[in-house]
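> next comes the sequence, and after it the predicted model I'd like to discuss.
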Amino acid sequence: MGDWMTVTDPESKTISQYTSETKMSPSSLYSQQVLCSSIPLSKNVHSFFSAFCTEDNIEQSISYLDQELTTFGFPSLYEESKGKETKRELNIVAVLNCMNELLVLQRKNLLAQENVETQNLKLGSDMDHLQSCYSKLKEQLETSRREMIGLQERDRQLQCKNRNLHQLLKNEKDEVQKLQNIIASRATQYNHDMKRKEREYNKLKERLHQLVMNKKDKKIAMDILNYVGRADGKRGSWRTGKTEARNEDEMYKILLNDYEYRQKQILMENAELKKVLQQMKKEMISLLSPQKKKPRERVDDSTGTVISDVEEDAGELSRESMWDLSCETVREQLTNSIRKQWRILKSHVEKLDNQVSKVHLEGFNDEDVISRQDHEQETEKLELEIQQCKEMIKTQQQLLQQQLATACDDDTTSLLRDCYLLEEKERLKEEWSLFKEQKKNFERERRSFTEAAIRLGLEIGFLLLSVLHKKCLLGIHHSSTVSRCGVRRQCNQDYICCLKRKYNKKLSSLLPSPSLLYIRSTACFFYLAMCHLHIPPSKNVAVMSE
Amino acid sequence: MNFSEVFKLSSLLCKFSPDGKYLASCVQYRLVVRDVNTLQILQLYTCLDQIQHIEWSADSLFILCAMYKRGLVQVWSLEQPEWHCKIDEGSAGLVASCWSPDGRHILNTTEFHLRITVWSLCTKSVSYIKYPKACLQGITFTRDGRYMALAERRDCKDYVSIFVCSDWQLLRHFDTDTQDLTGIEWAPNGCVLAVWDTCLEYKILLYSLDGRLLSTYSAYEWSLGIKSVAWSPSSQFLAVGSYDGKVRILNHVTWKMITEFGHPATINDPKIVVYKEAEKSPQLGLGCLSFPPPRAGAGPLPSSESKYEIASVPVSLQTLKPVTDRANPKIGIGMLAFSPDSYFLATRNDNIPNAVWVWDIQKLRLFAVLEQLSPVRTFQWDPQQPRLAICTGGSRLYLWSPAGCMSVQVPGEGDFAVLSLCWHLSGDSMALLSKDHFCLCFLETEAVVGTACRQLGGHT
């Protein structure tokens, strides 16, 4: 029942009750329904109007209404009470007035509500309108912004183009200026020459005029005391066809001589260059061939090509006389082989560089150890062989001595001895042949040993060369490792010295002198090399190159 | 270094004989022949008019004296002083006269280059060559004297004729593909002829002895072209100097350019030695950068002494801005000369007239630059060794060699302005020519040049 408001605006009462009723009804229906829930329902439509007040509760409802109305400022419904105890009489006039007032109020409220609703509608539609306007404007703003950006972009591009065109124009102007300058200088030169020619022409005209006018002609003659002999003392000759031919011949001879001379020069130069190239090639091959002995290390394509190349070149080297020819194929062959060698050398050097970088990371390479082990094995084998041979010789000697010792007895024994001698002789013969065989074998073994020793010597040599090479590289990079390697070098050297001594001792007992000399020389060689290792690295290169 | 007494001279006419024994000089209309070692007058000849040109014959037996105004050529004999010969061109006039290589014919170019008359001293015969070209270098003889090449122009086209000098027979006659031929020159080996075009067109053509075109070279179009050309004595290189300030070297095998030498006004490379001539006040010690030892400063020194200082890079040289609206502008390479062993090339860029550039031909790069205080008038290489003598019109002579360079004051009363110079065949001495005088300068062959310059007690 709180829907009512105090509206003191008596608007037109022509507003349809229907709308107000329909407007009012939901809320009042709700409130009525609330009321109706507590109050039992009446039968017809207007029953809810009667739900509040029934025949039973008239007095309560009147008093309630009176209370409410008085709170709202309406006059009281009751008559003025005469006494306290008596029941107050309902003032019909007041009730009617109140009803009228309420009706008027209700009409006013309805009016106001109508107005408010219309205003609300208006505002709503205005709002919608404004919103649509706003969104339209926003869209417009967006599109115009985009347009602006597009136009700015175009503007920028056009400015760029403009600048470029300006630059082109400037360049063209410069060029035009330059050409104009050239034309100007040419024009002055032409004018100058033209003037000169004109002056000469004028002089000629003058002279001609003079000559035409001048009667006395100065004689053109030579006055000579006596004729001089020719420079070469010979007489002059008539000019004939033969002299013409002779002149032609001489001219061609001169030309030919000149060409031949030049060709000779060029041939000589070619030969020199070819020699140099061949030398280079040989040196490159020799540098690269040690790779063949160490196939277990970097076995990759390069070594394969080295080997094949070396074989190929060996075949080519035999045809050295062909190099003197200067035909296309020979030239191509030479250049191709040089290029190949060069590539191999390059890759080899690169590998060495990598190795150097690896070495100073990993420390000293243990390739020497392997070869040394190999070396040791070989030497042990050979020592064993030598031992066996020695024992065999000893036993032979013993047997011989025994035989000789037992020879100084009586006859039976002499007979026996004879038989034994014969036997012995045969046995000796056999053993001699055996010994000879063994000697042959030993010779062979010795030869193989010498070869092995030579090979080992060479290996050691090349090994030391590569070590020195690396030492040089190492020496350049790290001085610290030098000291470390120095210690090892010492050990190496000691070891090799012992080995050398051992070799010398054993070999001197067994081998004839020439091969010993050879072995000695190889030993000297690597001894020298070892000495060189003691020299600081910077000198190594110079020494080795010697 | 000794200097002789000064002698009178006119028109810068002073020439050594080809065999190196005599020195001919002209004083007005007199021809004086002296002995080179003693400078004593051996012969004195009198000509009919003022002499404009003298030339020795190749065997040093005859001298010709040309008097262009009178159209006369007089020939004198050294062996027989009483022998005389006078050639009168008469109305034809005379503009140039020269010997043939056998020393028995004289080639006179008549006025307006109408014709070349070949006078023979052995016979009475006269030959005429028509239509010679009026250019700077129209006649050239091979070094061995067998052939002569002559530039001709007929019907507005250029031709070259090759004659056999022994009997003046025409060997070859061919036209050249040039607009306006300016010069021809034989290579020292006598097998190739270089022909170059006017400066309006950069073109140089190479012809073989038998008239075949071997090659054409043109560096660029439109701008002014070739200014000077020089063969190297070994015939291996042909140096072409042009108006753009560059020298282009062509090689004799392919006739293509192998390198070009630019002449910039600033030098930045520290490997190049730049000698700058500097005035030296008399008080200062003599600091010549010369052959050791430096000159001792004995004797009265004239006030204008100079020495060379080595300038440190970067060096900027004095340039001359050329007048653009005149013909034959002073830009480009005007002077070119190879040393006798072909190892060096000396050039002068006319923009930078005070500097002489020496190029190393072995390495094909700039070797040294000499900057003088005044414009260089002429330079000449010693015929025997790579030694360059330079004169600038002042009273000093400048010598350069790979070892160093020095500046020598020419002694004399007053200023002896060296306008030109001329080496002796042996490279031991040099004739220095000024307007009215000349003197001889004797160079010691050993490297000791440190003695003070003194005058030879001169008595005529």
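Arrived safely, thanks for sending. Numbering: from 1, shown residues only, chains lettered A, B, ... in the order given.

> CA atoms for contacts and neighbours, from now on please.
Will do.

> what's around residue 183, how many residues?
The chain I'm using is chain A. Counted by other CA atoms under 10 Å in any protein chain shown, the residues lying close to A:I183 total 14.

> oops, chain B please
Around B:G183 there are 23 other residues, counting by other CA under 10 Å.

> same check, this time on A:V356
A:V356: 18 neighbours (other CA under 10 Å).

> buried set for the helix or strand encompassing A:D66?
In this structure, A:D66 sits in helix A:58-71 according to DSSP states H and E. Residues A:62-63, A:66, A:69 are the ones in helix A:58-71 that count as buried (16 or more other CA atoms under 10 Å in any protein chain shown).

> after that helix, which helix or strand is next? Please name it.
Next element after helix A:58-71 (DSSP H and E): helix A:92-213.

> any part of that next one near chain B?
Yes - shown here: helix A:92-213 in contact with chain B (CA under 8 Å from any CA of the partner chain) through A:182, A:184-186, A:188-189, A:192, A:200, A:204.

> stretch A:266-273 now?
No - applying CA under 8 Å from any CA, one finds stretch A:266-273 out of contact with chain B, separated by at least 10.3 Å.

> wait, a strand at A:K436?
No - checked against DSSP: H, G, I helix; E, B strand; the rest coil, A:K436 lies outside a strand; its state is helix.

> tell me how far it lies from A:F442.
Distance of A:K436 to A:F442, computed by CA to CA, to the nearest Å: 9 Å.

> tell me which of those two has more neighbours.
More crowded of A:K436 and A:F442, by other CA under 10 Å: A:F442, with 18 against 14.

> mind checking what secondary structure the more buried one has?
Following three-state DSSP, we place A:F442 in the helix state.

> which residues are in contact with the residue in the stretch 101-250 of chain B positioned nearest to chain A?
Closest residue of the stretch 101-250 of chain B to chain A, CA to the nearest CA: B:C122 (4.9 Å). Contacts for B:C122 (CA atoms under 8 Å, 6 or more residues apart in numbering or on different chains) come out as A:227-230, B:104-105.

> buried only: go through those residues for me.
With burial judged by 16+ other CA under 10 Å, the buried subset of the contacts of B:C122 is A:230, B:104-105.

> looking at these, which are in helices?
Applying DSSP state H to the buried ones among the contacts of B:C122, no entry is found in helices.

> which ones among those residues lie within strands?
Counting by DSSP state E, the part of the buried ones among the contacts of B:C122 found in strands is B:H105.

> need the buried ones among the contacts of B:C122 in TSV (columns: distance to A:S337).
Shown next, in TSV, are the buried ones among the contacts of B:C122 (distance: CA to CA, whole Å):
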residue	distance to A:S337
A:R230	63
B:R104	62
B:H105	62
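
> A:R156: which of the buried ones among the contacts of B:C122 is nearest?
Nearest to A:R156 among the buried ones among the contacts of B:C122 is B:H105, at 82.4 Å by CA to CA.

> give me the pLDDT for the closest one.
What the model reports for B:H105 is a pLDDT of 92.

> do the same with the one 4 residues further on
Model confidence at B:T109, given as pLDDT, is 93.

> where does the nearest residue to it once chain neighbours are set aside fall, secondary structure wise?
Once flanking residues are discounted, B:T109 sits nearest to B:I116: 4.5 Å by CA to CA, 6 or more residues apart in numbering or on different chains. Using DSSP H and E, B:I116 sits in strand B:115-120.

> avg pLDDT for that strand?
Summarised as a single mean, pLDDT over strand B:115-120 is 90.

> check which helices and strands it sits against.
Using 3 or more CA pairs under 8 Å, 6 or more residues apart in numbering or on different chains; DSSP states H and E as the contact test, the elements touching strand B:115-120 are strand B:105-109, strand B:126-130.

> ok, back up a step: redo the buried residues of helix A:58-71 as TSV? Include pLDDT and distance to B:L209.
Below are these laid out as TSV (pLDDT from 0 to 100; distance: CA to CA, whole Å):
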residue	pLDDT	distance to B:L209
A:I62	83	155
A:S63	84	155
A:D66	84	152
A:L69	85	148
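
> and B:L64, that one's in a helix?
No - residue state for B:L64 (three-state DSSP) corresponds to strand; a helix is not indicated.

> what is the neighbour count of it?
23.

> for it, which non-adjacent residue is spatially closest?
Spatial nearest neighbour of B:L64, excluding adjacent residues (CA to CA, 6+ apart): B:V75 at 4.3 Å.

> show the contacting residues for the residue nearest the centre of chain B.
Centroid-nearest residue in chain B, with CA atoms, centre = their mean: B:Q380, separated by 6.5 Å. The neighbours of B:Q380, taking CA under 8 Å, 6+ apart as the test, are B:337, B:388-390, B:421-423.

> remind me which residues of chain A are low pLDDT?
A:1-50, A:81-88, A:215-218, A:233, A:236, A:290-326, A:363-371, A:407-417, A:420, A:471-546 (pLDDT under 70).

> need the residues of it near chain B, please.
Selection of chain A residues close to chain B by CA under 8 Å from any CA yields A:182, A:184-186, A:188-189, A:192, A:200, A:204, A:217-231, A:237, A:239, A:244, A:247-248, A:251-252, A:254-255, A:258.

> if we can go back for a sec, in JSON lines: the contacts of B:Q380, plus neighbour count and pLDDT.
Shown next, in JSON lines, are these (neighbours: other CA atoms under 10 Å in any protein chain shown; pLDDT from 0 to 100):
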{"residue": "B:A337", "neighbour count": "23", "pLDDT": "95"}
{"residue": "B:L388", "neighbour count": "23", "pLDDT": "94"}
{"residue": "B:A389", "neighbour count": "21", "pLDDT": "94"}
{"residue": "B:I390", "neighbour count": "24", "pLDDT": "93"}
{"residue": "B:L421", "neighbour count": "25", "pLDDT": "92"}
{"residue": "B:C422", "neighbour count": "20", "pLDDT": "93"}
{"residue": "B:W423", "neighbour count": "22", "pLDDT": "94"}
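
> ok, so of these, who is nearest B:S242?
Closest approach between the contacts of B:Q380 and B:S242, by CA to CA: B:A337, at 14.1 Å.

> pretty sure that closest one sits against B:A346.
Yes - using CA atoms under 8 Å, B:A337 is in contact with B:A346, at 5.3 Å.

> re the thing from before, contacting residues around the helix holding A:D66?
Residues external to helix A:58-71 that are found in contact with it (CA under 8 Å, 6+ apart): A:52-53, A:75-78.

> which one of the residues you listed is nearest B:K203?
B:K203 lies nearest to A:F52 out of those, by CA to CA, at 132.5 Å.

> who are the packing partners of the least confident helix or strand in chain B by mean pLDDT?
One helix or strand of chain B scores below all others by mean pLDDT, DSSP states H and E: strand B:305-311, with a mean of 81. Strand B:305-311 sits against strand B:273-280, strand B:404-409, with contacts defined as 3+ CA pairs under 8 Å, 6+ apart.

> average pLDDT for the shortest one?
When pLDDT is averaged over strand B:404-409, the result is 87.
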